[in-house]
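Peer 1: need coordinates for the below:
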Amino acid sequence: LCYNRIRMRPSRLSASSLSRRALLGGATAMLGAAALGARSEAQPVSENATLTLPGGRMVGATIYLPPQVPAPAVLMVHDRFGMTDVLRERAAALALDRYIVLCVDLFQGKTAETAMEADRLAGGMNAHEAVETVTGWTDWIRADARCNRAVGLLGFGLGGEAAIEASASTPVQAIVVYYTAPNKRPDLMLRLTAPLLGHYSERNPAFGIDAVEDLQFQLQKANKKSRVHLYDAPPDFANPASPQFARGDALLAWNRTVAF
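Peer 2: Below is the predicted model of the structure:
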């Protein structure tokens, strides 16, 4: 069990820490570039897919395939800005490592360029349908012949909330959330059977550091395999589409996610 509060900027990390990060894998540098919004010349095979959920509602997703299959799958669920091009580039880079990456779009193709637009999109989302969508795609990709049946969930903000809710009804191997409110259904977090990694800002006005620390305490008390990191950065520090984007903290969080 690990709990870290990060007050040091990544550029001031020790030489030993930098060496450790350099050994995260062959695609780490490319993944870091994708996390910061840089384009990679290499592009994985991608395809669009549609899924009909119980009740007849149809939802779409984009799938990025690794060089070799079968492979483990990662469902990437966006935050209030939607499934932006930068987030898709991040998914493509992750696929070039070794994962099938399925980008779940909860906003039906809509994206935001400003915080006001993002809040409007988030306010119009049906939370129940979002969870149903993530659950449906999780079951779908696990049954796909290209998947080795191992599935992880990667959710940002409201996408993390949907991922945690979905994991209560469909088994997954790992969950990573970015700035997902720890006081939203803490009972579900404590019932998680999969390892959980959380990235949180110390400056989030929606919930304080105490809420994150309490979550970590409760996870530790329940003997859950979890890691929670706090960053001295704005709330949307990992989203290149947000004016609050913090390059160094975003790269550090992404490298930790890949290693996890």
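Peer 1: pLDDT of the longest helix along the chain, averaged?
Peer 2: Assignment by DSSP state H gives helix 127-143 as the longest helix of the chain. The pLDDT scores in helix 127-143 average 96.
Peer 1: now that helix: buried residues?
Peer 2: For helix 127-143, a neighbour-count test (16 or more other CB atoms under 10 Å) marks 130-138, 140-142 as buried. Quick note: C-beta positions are derived from backbone N, CA and C, even for glycine.
Peer 1: of these, closest to I100?
Peer 2: Ranked by distance to I100 (CB to CB), the buried residues of helix 127-143 are led by I141 at 6.7 Å.
Peer 1: check the gap between the closest one and V74 for me.
Peer 2: As judged by CB to CB, to the nearest Å, I141 and V74 stand 9 Å apart.
Peer 1: partner strands of the next helix-or-strand element following the longest helix of the chain and their direction?
Peer 2: Counting by DSSP states H and E, the element after helix 127-143 in chain order, helix or strand, is strand 147-156. Partners of strand 147-156 in the sheet, by DSSP bridges, are strand 71-77 (parallel), strand 174-178 (parallel).
Peer 1: now do the next helix or strand after the first one and strand 147-156, the angle between them.
Peer 2: Just to be clear, that refers to strand 71-77. The helix or strand immediately downstream of strand 71-77 is helix 85-97, counting by DSSP H and E. Calculated by axes from the mean of the first three to the mean of the last three CA atoms, to 10 degrees, helix 85-97 forms an angle of 150 degrees with strand 147-156.
Peer 1: how about the strands paired with strand 147-156 in JSON lines, adding mean pLDDT?
Peer 2: Output for those, formatted as JSON lines (pLDDT from 0 to 100):
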{"stretch": "strand 71-77", "mean pLDDT": "97"}
{"stretch": "strand 174-178", "mean pLDDT": "93"}
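Peer 1: I'd like those strands laid out as CSV, including mean neighbour count and distance to M116.
Peer 2: Shown next, in CSV, are the strands paired with strand 147-156 (neighbours: other CB atoms under 10 Å; distance: least, CB to CB, whole Å):
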stretch, mean neighbour count, distance to M116
strand 71-77, 25, 22
strand 174-178, 24, 21
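Peer 1: in JSON lines, list the ones you listed along with distance to L51.
Peer 2: Putting those into JSON lines (distance: least, CB to CB, whole Å) gives the following:
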{"stretch": "strand 71-77", "distance to L51": "12"}
{"stretch": "strand 174-178", "distance to L51": "21"}
